[in-house]
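>>> fold the following, please.
(one chain, ligands or ions: 1)
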Amino acid sequence: METVHVAITGAAGQIGYSMLFRLASGEVFGHDKKVHLHLLELPQAIKAAEGTAMEIDDCGFDTLAGVDCYDKAEEAFKGVNWALLVGSMPRGPGMERSDLIKANGPIFVGQGQALNKAAADVRVVVVGNPCNTNALIAQHNCREIPATQFSAMTALDENRAKAQLAKKSGVGVEHIKNMIVWGNHSTTMYPDYENVSINGKAAPEVISDHNWFESEFIPCVQKRGAAIIAARGKSSAASAASACLDHIKRFITPSKPGECFSAAVPSDGKLYDIPRGLMFSFPIKSLGQGKYEIASDFNLSANAQAKLKKTSDELVSEREVVKDLLG
Ligand code: NAX
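From the prediction side, this is the model:
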């Protein structure tokens, strides 16, 4: 039976704990494959990762090939098929976004270099924030692996947006299609309500209160992470883990005709006026097995184009902050 090797960084953190058991269970890669988990943690958290590994063993999943813990990236990434880069430093009190970018950037330099040496054909998914720019750093430090094999996660933003639309229109989430969140995983992201469909109709045809999209829907999705922290006292964990698994499933399963999902991937500079090289969240059509195309046929109103420009400008300025780390 084929074995899929998956590395998870920050494995002892809250997202790691919510994700590992589901990865081991066969839910993501199927019951006809085994999963070997490579857990990477900082030396001070390795004991906690080992405890989690013991629990994974104790579940008796018949799809689990093994679980190993590492505190060195190059060892953890050896021969992996997927690398889920979750571990990074949380934003501390009084820290600006640019401080966080500078603090976390070096982690992704080291992990990019380690992937370059250790993994030949890997799909890299960055969850640790600021995820778009961290993915850019990792990709620039990993030149042996095609840039298109790097992505950053905006699936949680898409899922949050779908949940809001489903509630507002009184339909199940499965009837919401093409809910694209464009740009940066930050408060400048643009949840595109003009191209999303509800039960096969454009969302503004179904939800007559058009003011709601701008005044409630967009701010709710953009600030959902902060609202979770305010309510729970901790940042999103199970929903982020679930979204990361959705991200992988969406990339390994060919998209149905006419359907797209959101993920940040490198811009080729040709579509939607987004500067080349930025890790920008676009509408993605999966071709299966991690391969994809960016959908080129989305219509963007002047309002939408202005919103894309804002989030793209933010990513350009983040790239400027980390320019010394781009290899
Ligand atoms: P936790 O603080 O619970 O866990 C992070 C773990 O990473 C810790 O166990 C820490 O020891 C480990 N770590 C730190 N540096 C490391 C390194 N260099 N190598 C290996 N492990 C390292 O955070 P958690 O709640 O799990 O969140 C992880 C990251 O996800 C954060 O950056 C967070 O901001 C980000 N998020 C991203 C989301 C997205 O949609 N893209 C949403 C959820 C979440 O906010």
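
>>> give the contact list for residue 268.
Neighbouring residues of residue 268 by C-beta atoms under 8 Å, 6 or more residues apart in numbering: 276, 294. Quick note: C-beta positions are derived from backbone N, CA and C, even for glycine.

>>> how about a cut-off of 7 Å?
residue 276 (C-beta atoms under 7 Å, 6 or more residues apart in numbering).

>>> mind checking the longest strand of the protein?
strand 279-288 (DSSP state E).

>>> pull out the buried positions in the helix or strand just after that strand.
Once the chain leaves strand 279-288, the next helix or strand it forms, by DSSP states H and E, is strand 291-294. With burial defined by 16 or more other C-beta atoms under 10 Å, the residues of strand 291-294 counted as buried are 292, 294.

>>> ditto for stretch 68-85
68-70, 73-74, 76-78, 80-85.

>>> same deal with stretch 297-313?
Result for stretch 297-313 [16+ other C-beta under 10 Å]: buried residues 298, 300, 304, 307, 308, 309, 311, 312.

>>> try stretch 162-172
162, 163, 164, 165, 166, 168, 169.

>>> bridging residues for the nearest residue to the fourth one once chain neighbours are set aside?
Spelled out, it's residue 165. Nearest non-adjacent residue to residue 165, counting by C-beta to C-beta, 6 or more residues apart in numbering: residue 176, 5.2 Å away. Under the criterion DSSP bridges, residue 176 forms beta bridges with residue 198.

>>> burial of residue 176, as a residue count?
Residues near residue 176, counting by other C-beta atoms under 10 Å, number 22.

>>> for it, give its distance to residue 207.
Taking C-beta to C-beta, to the nearest Å as the measure, residue 176 falls 11 Å from residue 207.

>>> now swap in residue 121 and tell me
44 Å.

>>> tell me which residues touch residue 3, please.
33, 34, 36, 65.

>>> follow-up on the earlier one: the residue nearest to residue 165 contacts residue 196, doesn't it?
Yes. At 6.5 Å, residue 176 and residue 196 qualify as touching, with contact defined as C-beta atoms under 7 Å.

>>> for the protein, longest helix please?
Scanning the chain for the helix with the most residues, using DSSP state H, yields helix 97-118.

>>> quick one on the thing from earlier: any chance of the buried residues of stretch 68-85 in TSV, with secondary structure and pLDDT too?
TSV is the format used below for those (DSSP: H, G, I helix; E, B strand; the rest coil; pLDDT from 0 to 100):
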residue	secondary structure	pLDDT
68	strand	98
69	strand	98
70	strand	98
73	helix	98
74	helix	97
76	helix	98
77	coil	98
78	coil	97
80	coil	98
81	coil	98
82	strand	98
83	strand	98
84	strand	98
85	strand	98
